[in-house]
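Colleague: Quick one: sequence and predicted model below, then my questions.
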Amino acid sequence: MASKAFIEKQERAIPVQQDPDVLSAAARLAGEDLCSIADLSSGEVRAILKLGHDIKVNPREYRYALDAKQMVLMFEKASLRTRLSFETGINTMGGNAIFVDHTSSPLGERESVADVARNVERWVDVIVLRTYAHDTITEMAANSRVPIINALSDFEHPCQALADFMTLDEHFGRVKGLNFTYVGDGNNVCHSLMMTGAQLGVNVTVATPRGYSPDIEIVTNTREMAEANNCELKLTQDPQAAVEGADAVYTDVCVSMGFEHESTRRAPIFRPFQVNEALMQRAASHAVFMHCLPARRNAEVTDAVLDGPQSIVFDQAENRMHAQKALLLLLLGGLSNTPSFKL
Ligand code: CP
Ligand code: NVA
């Protein structure tokens, strides 16, 4: 739900059609890939949020912006939110989605990833991939002339993070200066959240068990982004200290897809990192609880928190569609088909 602060901010804002972040993103991103949040400048991240907000309020403006565009989704892992939010997103802008289930035959098995790219680009306008190996995504991008979108790899989940910060913006009426705490596995979702937060001027704290901290390359990138945007990244193994005074507390599953065989070993390691009512009490009284979903109920988060008044998890899920519509419009040059934009 949009907050009063967000509604007031929107009333004061420059119309999205004249917004410099949106106009430069439209010029620079057409034809580009989104493999990682690191592919986007801070202005481009802001542009996706601003356009996402406008699409959410004025969907009819964009009804035919991707008329007849073809999008293929090739997924090696299960999905509810990502698949449906991409499919509904492109369908409501006049395009079409084709789903290819790769859960039982990974990409690159029947023929090389490069050959898949060289075929598929002849028929479609954008390729959305959910893979185990992040290299499958970068290899597809290196061999495809149409944009590639990372819909989750073992390294990042950029579309999730864009929707999540759009949701925080809606809730608080701003993102810059917020204190955002991630508790749990320093994995794909955590990586994309760290960089997106830093690009938006958010102070990010990450609390992980020893041995599950975020990748060092992501930490280095995030620190550089944070320095440029006057915010901080803190890493800790103390979840209690990490959430102290936080505006938002976020967790992800403690056993990601592909790690199911580690379930028993991980359970005691992640137990002290569970987000429960006692942990939430240490955050600011106005704090929100966030989760990318699906959740393992009463493992990384208790029912009381997930279903409680601070939880905004279904707003996050809804905003996947709006943020991805913004992304598709920018990568496919769709704003030039939108009458109110003079590009
Ligand atoms: N959050 C998310 O990506 O959900 P799915 O795995 O259901 O797509
Ligand atoms: N980290 C989780 C996210 C699911 C949306 C996974 O990779 O399974």
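Modeller: Happy to help now that I have it. Ligands and ions are numbered 1, 2, ... in the order given.
Colleague: Chain neighbours aside, what residue packs nearest to Lys176?
Modeller: Among residues not flanking Lys176 along the chain, Gly201 sits closest, at 3.8 Å (Cβ to Cβ, 6 or more residues apart in numbering). Every C-beta, even on glycine, is put in place using the N, C-alpha and C of the backbone.
Colleague: And for Glu232?
Modeller: Asn203 (4.9 Å).
Colleague: do Asp303 as well
Modeller: Nearest non-adjacent residue to Asp303 (Cβ to Cβ, 6+ apart): Arg297, at 5.7 Å.
Colleague: Wait, the one you found touches Val305, no?
Modeller: No. Assessed by Cβ atoms under 8 Å, Arg297 is found out of contact with Val305, at 10.2 Å.
Colleague: Are stretch 180-194 and ligand 2 in contact anywhere?
Modeller: Yes. With Cβ under 6 Å from any ligand atom as the criterion, ligand 2 is reached by stretch 180-194 at Asn187, Asn188, Val189.
Colleague: As a check, name the ranges of all strands in the protein.
Modeller: Ranges of strands within the chain are 70-75, 96-101, 126-130, 148-150, 179-183, 203-207, 233-236, 248-251, 288-291, based on DSSP state E.
Colleague: returning to what we had before: if you count what's nearby, which of Arg297 and Val305 comes out ahead?
Modeller: Neighbour count, other Cβ atoms under 10 Å: between Arg297 and Val305, Val305 has more, with 23 against 11.
Colleague: and the more buried one, how far is that from Lys50?
Modeller: Using Cβ to Cβ, to the nearest Å, Val305 is found at 30 Å from Lys50.
Colleague: rewinding a little: can I get the residues of stretch 180-194 next to ligand 2 in JSON lines including pLDDT and distance to ligand 1?
Modeller: Putting the residues of stretch 180-194 next to ligand 2 into JSON lines (pLDDT from 0 to 100; distance: Cβ to the nearest ligand atom, whole Å) gives the following:
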{"residue": "Asn187", "pLDDT": "97", "distance to ligand 1": "12"}
{"residue": "Asn188", "pLDDT": "98", "distance to ligand 1": "10"}
{"residue": "Val189", "pLDDT": "98", "distance to ligand 1": "8"}
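Colleague: Let's have these in CSV, adding neighbour count.
Modeller: Below are the residues of stretch 180-194 next to ligand 2 laid out as CSV (neighbours: other Cβ atoms under 10 Å):
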residue, neighbour count
Asn187, 22
Asn188, 26
Val189, 25
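Colleague: how about these in CSV, adding distance to Val219?
Modeller: Formatted as CSV, the residues of stretch 180-194 next to ligand 2 follow (distance: Cβ to Cβ, whole Å):
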residue, distance to Val219
Asn187, 13
Asn188, 14
Val189, 15
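Colleague: so which residue of the stretch 151-300 of the chain comes closest to ligand 1?
Modeller: As assessed by Cβ to the nearest ligand atom, ligand 1 sits closest to Cys292 within the stretch 151-300 of the chain, at 4.0 Å.
Colleague: hang on, Thr92 packs against Tyr64?
Modeller: No. Between Thr92 and Tyr64 there is no contact under Cβ under 8 Å: 10.1 Å.
Colleague: what about stretch 15-34, start to end distance?
Modeller: Start-to-end span of stretch 15-34 (Cα to Cα, to the nearest Å) is 25 Å.
Colleague: Alright, I will stop here.
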